[in-house]
Every structure is written in C-alpha cells, then in structure tokens.
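**Q** sequence and predicted structure, then a few things I'm wondering about:
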Amino acid sequence: MPAEPTSTTQPSGSNSGDVLFVTPRIQIPRTEFRWTYSRSSGPGGQNVNKVNSKATLHWPAMMSMALPVEVRMRLRAEFGNRITNEGEVVIASDEHRDQKQNVEACESRLVQMIRAVAVPPKVRRPTKPSKASNARRLKEKKHRSETRKNRRTDE
C-alpha cells in the first residue's frame, strides 16, 4: 500500500476572496497566504495518525503591499525569529483537533503580532528633575546622614 503524503499545500479555501481585518488601516488579502497542512502531534488519539489537522501559515510579509513600510520594519525587529530569510512569516498551530480551528488560531496569532507593532512606540524624551524635587532629595539625604551620625558613639 503506498504511503499517504503527510503534507499538503492548499489555498485558504472558501475564504480566499476576502481579507483578514487587522486594523482599519491594515487589511491583508487572504490570497497572500499559503497554507500547508500536516499531521498533528496534538490531542486526538488515533485521529492524529489519519488526519492532516496541523495548519502552518506562510505569508510573505516583507513583500506584502497590505503592510505599511514602517510596520514591516517593526515586525521584523520584534518578531525576526518567526520570519525566514526570504521575508516570510511562518506560524504553525496544532493545538486543536480540527484543521479549521488551527487555521483560525494561526490567523489570530498573526493579527496579534501585527497589532503589537502597528502603533509606533512613544519616543522617550529625557526630562530633568525639578529644582524642588532635587532640593527635597538633598534634604532627605542630609536628614538620613544626621540620623546615622547621631547613632555613632564618639571615641
């Protein structure tokens, strides 16, 4: 009996025409996604030996026009370990017994990743302590010093 292939590549199926909504500014066409399915190591008993329920999302994020350039750069900086040398984001899920649920889990992780870098970080502007706060600090230091000095026994 010939061995059954353990991995298949398919477009995202019925959702291939719509978009993945991330933010009002970022919407990714699902046609950019490439999916691979393989046998899962997760729960399911003998089911894991028969069904390709593990879903792996491949998305060429660094080439995608759906992502603004600055978001792409922050994505690479923050999640570089999930991006291949070719600029492809790879996310896998085998936590569910159902292939469709694993696809949804991959998509939700991708949305979380992009939302985490979609808003630029606030620029920290260094500030100087006020004169009053500086005076309070010095006064407190002098007070502590006096307290310690008074504890000493004179020799």
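**A** Okay, I see it. Residues are numbered from 1 along each chain as shown.
**Q** this structure: helices as residue ranges?
**A** Listed in chain order, the helices of the chain (DSSP state H) span residues 69-78, 99-118, 131-151.
**Q** can you tell me which of those is most buried?
**A** helix 99-118 (a mean of 17; mean count of other C-beta atoms under 10 Å). For glycine as for every other residue, the C-beta is placed from the backbone atoms N, C-alpha and C.
**Q** what is that helix packed up against?
**A** Contact analysis of helix 99-118 by 3 or more C-beta pairs under 8 Å, 6 or more residues apart in numbering; DSSP states H and E lists strand 19-21, strand 54-59, helix 69-78, strand 89-93 as its packing neighbours.
**Q** so what's the residue nearest to the spatial centre of the chain up against?
**A** Among the residues of the chain, the one closest to the centroid is Met113, at 3.1 Å (C-alpha atoms, centre = their mean). Taking C-beta atoms under 8 Å, 6 or more residues apart in numbering, we find Met113 in contact with Leu75, Glu78, Phe79, Arg82, Val89, Ile91.
**Q** nearest to Ile28, of the residues you listed?
**A** Compare each of these with Ile28 using C-beta to C-beta and the shortest gap goes to Val89, at 10.6 Å.
**Q** so the closest one sits against His58, correct?
**A** Yes: in terms of C-beta atoms under 8 Å, Val89 counts as a neighbour of His58; the distance is 7.5 Å.
**Q** more neighbours: which of the two?
**A** Using other C-beta atoms under 10 Å, the more surrounded residue of Val89 and His58 is Val89, with 22 against 19.
**Q** nearest to Phe33, of the helices of the chain?
**A** Nearest of those (C-beta to C-beta): helix 99-118, 8.3 Å.
**Q** okay, angle between that closest one and strand 54-59 too, please.
**A** Here helix 99-118 runs at an angle of 40 degrees relative to strand 54-59 (axes from the mean of the first three to the mean of the last three C-alpha atoms, to 10 degrees).
**Q** can you show me the CA trace of helix 99-118 as PDB?
**A** As requested, C-alpha coordinates have been extracted for helix 99-118 and formatted as PDB (Å, rounded to 0.1, in the frame of the first residue of the first chain):
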ATOM      1  CA  GLN A  99      -7.900  21.800  10.800                       C
ATOM      2  CA  LYS A 100     -10.300  24.800  10.500                       C
ATOM      3  CA  GLN A 101      -9.700  25.800  14.200                       C
ATOM      4  CA  ASN A 102      -6.000  25.600  13.700                       C
ATOM      5  CA  VAL A 103      -6.200  27.900  10.700                       C
ATOM      6  CA  GLU A 104      -8.200  30.300  12.800                       C
ATOM      7  CA  ALA A 105      -5.600  30.100  15.600                       C
ATOM      8  CA  CYS A 106      -2.800  30.900  13.100                       C
ATOM      9  CA  GLU A 107      -4.700  33.900  11.800                       C
ATOM     10  CA  SER A 108      -5.500  35.200  15.300                       C
ATOM     11  CA  ARG A 109      -1.800  34.900  16.200                       C
ATOM     12  CA  LEU A 110      -0.800  36.800  13.100                       C
ATOM     13  CA  VAL A 111      -3.400  39.600  13.900                       C
ATOM     14  CA  GLN A 112      -1.900  39.800  17.500                       C
ATOM     15  CA  MET A 113       1.600  40.100  16.100                       C
ATOM     16  CA  ILE A 114       0.700  42.900  13.700                       C
ATOM     17  CA  ARG A 115      -1.400  44.800  16.200                       C
ATOM     18  CA  ALA A 116       1.600  44.700  18.600                       C
ATOM     19  CA  VAL A 117       3.700  46.600  16.100                       C
ATOM     20  CA  ALA A 118       1.100  48.600  14.300                       C
END
